[in-house]
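S.K.: My questions concern the predicted model and sequence given below.
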Amino acid sequence: MKSMIKITGLSLILLFNNVALAAQQNVVLVTLDGVRWQEVFNGADKNLLNNKEFVKQPAQLSNEFWDERVQQRQQLLMPFLTQTIATQGVIIGDRANGSAMSVSNPWYFSYPGYNEILTGEVDENININDKVFNPNKTILERLDAQPEFKNSTALFGSWDVFPYIVNTKRSHVYVNAGFMPIADDLFADDLFADAPLLNALQTEIPSPWHNVRLDSFTYRFAKAYMLAKKPRLLVISLGETDDFAHDGHYDAYLKSAKQSDAFLKDLWQTIQSTAGYKNNTTLIVTTDHGRGSYANDWQHHSSKRALAKSEQGKKAFPEGIIGSEHIWLAAIGPTIKGNGLIKTDNELKQAQIAATVLKALGQNPNTINPNMAPAINEILK
């Protein structure tokens, strides 16, 4: 007589969850350059929204982004991040509610931040934003060295320094950043049918900056590449928010943040409707640094130690840009707990992101690089 095994509803759910987690995992890591935690958790800043020094049409902008209620302001600015990822997944960095995260590097600006995010280590010698090839290996490069991940990591960025951060001279990681076109050899795939047009448009439509392309091109190239090549680890770095903030355009900063949120929504919907990614891909979103908190310093970010190198900076901000080390992180997917806001006993660090990505990919961070900071286990299943 054949034996029969009774499987309860709960057992069946657990079984399916275990099978899902056992499947090959992927990660898409998105960075939103210089987006403040203040806007992520509180929406538009009223003190900046009505400041004519930073906003051309305050009344119009207030109609688009202001509400007396915090949750409504969140929905007006970044609804997908704050209402979907933050509720179905996790979010960290609301310092007013016991959730704290910050950079580990002593500089509080982009190249050191991206090095920290992508390597899991702090290198104090990375102290400029210049185009210098990174001596450190990112997790993109370390994974690419493994047969399982060969040619399956890639980075798309708006800032033209990323080929140096990932060190394309040494690594074999595919990087498309700045105003780089999509390479001709990728056009053969039908999913890149629009690539020649996008290549032309990004040279025809003027960017406000010489070294940062508009994020729409970065996102569209990255999405097409994701669908065509199915990388296991894809990094997408959007940059407009930081540059609009540096230029003192709070209106454009808010609108770019809102558009970044729309990209995140489209990205997640694409992931969840694409074979090979659906139900086995984790989305992690973070930033490389924070900014100042007030009208006189919100445009800027740098530590006291960094500004000590500049007589003008040291005079204007003798203590550095206070609070610009404060960052945030949100994540959703099969490897992420659905715990919402994570209250932190100790300050979590930017250097922990790399190991978190590796564990979400089913890898052992200590095997790949024993020197990196530990993963944020509080958010992982």
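M.R.: Done, it's in.
S.K.: since we're on residue 62, how many residues are nearby?
M.R.: Residue 62: 15 surrounding residues under other CB atoms under 10 Å. Every C-beta, even on glycine, is put in place using the N, C-alpha and C of the backbone.
S.K.: packing partners for the helix or strand encompassing it?
M.R.: If you go by DSSP states H and E, residue 62 is part of helix 58-65. With contacts taken as 3 or more CB pairs under 8 Å, 6 or more residues apart in numbering; DSSP states H and E, helix 58-65 sits against helix 46-49, helix 70-77, helix 250-271.
S.K.: Now render those as JSON lines, adding mean neighbour count, distance to residue 196 and mean pLDDT.
M.R.: Shown next, in JSON lines, are the helices and strands packed on helix 58-65 (neighbours: other CB atoms under 10 Å; distance: least, CB to CB, whole Å; pLDDT from 0 to 100):
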{"stretch": "helix 46-49", "mean neighbour count": "18", "distance to residue 196": "40", "mean pLDDT": "97"}
{"stretch": "helix 70-77", "mean neighbour count": "17", "distance to residue 196": "35", "mean pLDDT": "97"}
{"stretch": "helix 250-271", "mean neighbour count": "20", "distance to residue 196": "22", "mean pLDDT": "98"}
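S.K.: follow-up on the earlier one: next, the buried residues of the helix holding residue 62.
M.R.: Neighbour counts over helix 58-65 (16 or more other CB atoms under 10 Å) mark 58, 61, 65 as buried.
S.K.: Let me know the secondary structure of residue 235.
M.R.: At residue 235 the chain is in strand, as set by DSSP: H, G, I helix; E, B strand; the rest coil.
S.K.: Identify the residue nearest it in space, chain neighbours excluded?
M.R.: residue 155 (4.2 Å; CB to CB, 6 or more residues apart in numbering).
S.K.: So what's the model's average confidence on the helix or strand where the one you found lies?
M.R.: Here residue 155, judged by DSSP H and E, is contained in strand 153-157. Average pLDDT, strand 153-157: 98.
S.K.: other SSEs contacting that strand?
M.R.: Applying 3+ CB pairs under 8 Å, 6+ apart, we find strand 153-157 packed against helix 139-144, strand 174-177, helix 215-229, strand 233-238.
S.K.: Could you save those as a markdown table and add columns showing distance to residue 308?
M.R.: Output for these, formatted as a markdown table (distance: least, CB to CB, whole Å):
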| stretch | distance to residue 308 |
| --- | --- |
| helix 139-144 | 31 |
| strand 174-177 | 30 |
| helix 215-229 | 32 |
| strand 233-238 | 28 |
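S.K.: Deepest-packed of the ones you listed, please.
M.R.: Stretch with highest mean neighbour count among the helices and strands packed on strand 153-157: strand 233-238 (a mean of 26; mean count of other CB atoms under 10 Å).
S.K.: just to revisit the earlier point, was I right about the residue nearest to residue 235 contacting residue 173?
M.R.: Yes. Using CB atoms under 8 Å, residue 155 makes contact with residue 173 at a distance of 6.5 Å.
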